[in-house]
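Undergrad: Build me a model:
(2 chains)
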Amino acid sequence: MNLLEVLRNRFQSVLENKVEDPGRYIAMVLPAQNAQFGDYQANCAMPLSKVLGKPPREVAADLIAEVDVSDLCEPPEIAGPGFINLKLKTDLLEQEFAKVFTSERLGVEPVASPEKIVIDYSSPNVAKPMHVGHLRSTVIGDALYKILSFLGHDLTSDNHIGDWGTQFGMILYGYRNFVDQEAYKKEPVAELSRLYRLVNKLSEYHTTVEMLPGLEWKLGEAEQAVNDAEAQFEQDDKQGKKQLKKLRSDLESIRQSVTKAESLVAEIEEDEIYGPLAAAHPNIHTDARLETSKLHGGDAENRKLWDEFLPACLDVMNVIYNRLHIKFDYSLGESFYQPQLADVVEELKSKGLAEESQKAMCVFLPDFKAPFIVQKQDGAFTYATTDLATIRYRVETLKATSILYVVDARQGEHFQMLFGTARRWGYENLNMQHVSFGTVMGQDGKPFKTRSGDTVGLGELLDEAISRAFSIVVANDESKPNGPELDEAERKQIAEIVGLGGIKYADLHHNRESDYIFDWDKMLSMTGDTATYMQYAYARVCGIFRKADVERDAIRQREDVSIQLTHEAERALGLQLLRFSEALSATAQELKPNLLTNYLFETANAFSTFYDRCPVAKENDEAVRISRLKLCDVTARTLKQGLNLLGIETSERM
RNA sequence: GCACCCAUAGCUCAAUUGGAUAGAGCAUCGGUCUUCGGAACCGAAGGUUGUAGGUUCGAAUCCUACUGGGUGUACCA
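TA: Okay, the predicted model is just below:
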């Protein structure tokens, strides 16, 4: 049973007769902010006071009189301006706990109307090595997949791999001109990735050289503007001051771009290897694009190379996914939709949605100045086209009623336009949602650069996490009171669980919408609000059963002993465990895994307090002992289930 | 230029979407300590929620202006 829902239902039946729109008032029945106010609170009396024309405390008193919660709660109390504080009866908690105790699903009921949800996450680009940004999408997406599935929805995960874009042209060009066959044979993907970076660098060089005069001219203009403004500033007011400041900051940013451009150009030209290469390939930028359009146009040679490169790239990606224990139902990359793109554009044209503008085929949407380009001047399709084809496929073939995109916030505008176009195209009943997340920043507070290629590789990241976890596992094992308990293989396995859990948790426990600073030490820290803390709590519960030599199954048979939540810490833990379903609903509602991590942290916390205050195995009174063992059992199952839904594993020993 | 986002304790982040005294973790200081697993527990200190107004019973949250930062912005994905 979802306690919050039950309470809301009780309020609903009364509120329905009082106001037109009970919904918003019902939503004001909430978990208590502070334990001193009870377990739940209803905050609707204050806003209702206006509608009903009565003082809020009087409204609250009426509500209390009419809402029948006597079977659930102690008599409600009115506090402050009109808050209604609700404290659940302990014997209700005990009854409910008994139900959760015997429930496989820990009291979580499947949703009434399941949806068919396609969730799109990870979506790396085959040419570039995966980095922490992909990790964030992957980890959040996988957690949402698991949570929504557990709640009873029908989920399909789809890894929309970037395997058909401009970057492939660069690889093709690189392979044609610069490949080191030895290296390619040894480690094909590493070599391809080198080629990509090389071509990218050289073409960046040429575009920069082209841009530089324009930039320098702009710099001169900006300097002039600042000088003029300074001359005239003297008698000017705030307005002028502000303008000057603006001009100066413009100047500064242009100056920076010029410096950056100059140093890039100098770097290449002075380099013994890059310099001659750049000189020998003046048209690399357009030629690489040409390779892309040859591939798209069905060129046999390029297609053959593509067929050769792609499996190798996928293998490398799959190594990472396997290590993270993440699987996809589908991995339909951009190339999969390639044959459908022309048709999509035709359809858009025939429906009058797409029109030609500046030789490109565009969809113009009311709220946007920029067009949504579905076909470029040169006839090539864009990722907008692919994304539209993908929507059509997901709806018509996969039967999706809902599509979730776990993608970087920087693509927000793209998705708004995509959804806008899709709705006009005929998918107005489809629920499309951009599950946006913030940028992963470096220690300097600036976004991780992906182009320069000097980001932390995901493989190394996992290695580092696991090796740090290993030394902690060893240290802990060796300091156990009765000597070490784990052999080498167990230590390694636990280190992996702890290390990977640490990495995933670091991503999940932030509100996904905010940027966050990537920090090795925090990510892999083993204390505080971390996966380890909860994994450790789990291992301690298991330790109780093991040391006391009690089978958890045996405890489940003890129907003769009822649960008792007499001690303050027992009651707090019991109530917390009953809220699992509430936490999952909130997580699914907001698509925010951090709501679940918060819940689990609070649960582990409540357990640690209980564990400190209430003896379990040492307790002499058998009824109390069994009751506490039951609490321990549900704690263990809740932590394990909750962590698993986040893609984090547990171990009975650590 | 236009659009969107952000600013919360020394640091990293929360805040159930407008609720009561803004909470955690880290770091700091103090206590528990012959441990049912101390990777623990309890406590203290730390805040004019960027600034100034406004809306109302009530604002970190909504509105306006300002300051400082970020992102996107016609053919990369």
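Undergrad: do the longest helix anywhere in chain A and RNA strand B meet?
TA: If you go by DSSP state H, chain A has its longest helix at helix A:188-233. No. Residues of helix A:188-233 are not located near RNA strand B by C-beta under 7 Å from any atom of the strand, the shortest gap being 10.5 Å. For glycine as for every other residue, the C-beta is placed from the backbone atoms N, C-alpha and C.
Undergrad: Determine the set of other helices and strands touching that helix.
TA: With contacts taken as 3 or more C-beta pairs under 8 Å, 6 or more residues apart in numbering; DSSP states H and E, helix A:188-233 sits against helix A:166-178, helix A:181-186, helix A:238-270, helix A:274-280, helix A:284-296, helix A:300-324.
Undergrad: and the angle for it with helix A:238-270?
TA: 140 degrees (axes from the mean of the first three to the mean of the last three C-alpha atoms, to 10 degrees).
Undergrad: one step back: looking at the helices and strands packed on helix A:188-233, which one has the lowest mean pLDDT?
TA: Among these, helix A:238-270 has the lowest mean pLDDT, at a mean of 81.
Undergrad: Going by neighbour count, list what's buried in it.
TA: Neighbour counts over helix A:238-270 (16 or more other C-beta atoms under 10 Å) mark A:244, A:247, A:251, A:254, A:258, A:261, A:264, A:265, A:268 as buried.
Undergrad: And for stretch A:545-552?
TA: Here stretch A:545-552 shows A:545, A:550, A:552 as buried, counting by 16+ other C-beta under 10 Å.
Undergrad: likewise stretch A:7-23?
TA: A:7, A:8, A:10, A:11, A:12, A:14, A:15, A:18, A:22.
Undergrad: Go through those and name the one nearest RNA strand B.
TA: Nearest to RNA strand B among those, counting by C-beta to the nearest atom of the strand, is residue A:8 at 10.8 Å.
Undergrad: What is the stretch of helix or strand residue A:477 belongs to packed up against?
TA: Using DSSP states H and E, residue A:477 falls within helix A:458-478. Counting contacts by 3+ C-beta pairs under 8 Å, 6+ apart, helix A:458-478 packs against helix A:132-150, helix A:300-324, helix A:488-508.
Undergrad: May I see these organised as CSV, with distance to RNA strand B added?
TA: Output for the helices and strands packed on helix A:458-478, formatted as CSV (distance: least, C-beta to the nearest atom of the strand, whole Å):
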stretch, distance to RNA strand B
helix A:132-150, 11
helix A:300-324, 14
helix A:488-508, 5
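Undergrad: Rebuild those as JSON lines, extending it with mean neighbour count.
TA: What follows is these, written out as JSON lines (neighbours: other C-beta atoms under 10 Å):
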{"stretch": "helix A:132-150", "mean neighbour count": "24"}
{"stretch": "helix A:300-324", "mean neighbour count": "15"}
{"stretch": "helix A:488-508", "mean neighbour count": "21"}
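Undergrad: what sits against the nearest residue to residue A:39 once chain neighbours are set aside?
TA: Setting aside the residues directly before and after it, residue A:39 is nearest to residue A:88 in space (C-beta to C-beta, 6 or more residues apart in numbering), at 4.9 Å. Applying C-beta atoms under 8 Å, 6 or more residues apart in numbering, one finds that residue A:88 lies in contact with A:3, A:39, A:40, A:72, A:73, A:74, A:575.
Undergrad: Specify the residue ranges that define each domain of chain A.
TA: A:3-88, A:167-284, A:464-645 (automatic domain parsing).
Undergrad: about what we covered before: which one of the buried residues of helix A:238-270 is nearest residue A:637?
TA: Among the buried residues of helix A:238-270, residue A:264 lies closest to residue A:637 (C-beta to C-beta), at 56.8 Å.
Undergrad: Report the separation between the residue lying closest to the closest one once chain neighbours are set aside and RNA strand B.
TA: Nearest non-adjacent residue to residue A:264, counting by C-beta to C-beta, 6+ apart: residue A:208, 5.5 Å away. Distance, residue A:208 to RNA strand B, using C-beta to the nearest atom of the strand, to the nearest Å: 16 Å.
Undergrad: which ones are touching residue A:208?
TA: Neighbour list for residue A:208: A:261, A:264, A:265 [criterion: C-beta under 8 Å, 6+ apart].
Undergrad: contacting residues for the residue of the stretch 101-250 of chain A found nearest RNA strand B?
TA: Using C-beta to the nearest atom of the strand, the point where the stretch 101-250 of chain A gets nearest to RNA strand B is residue A:165, with a distance of 2.9 Å. By C-beta under 8 Å, 6+ apart, the residues touching residue A:165 are A:125, A:292, A:334, A:383.
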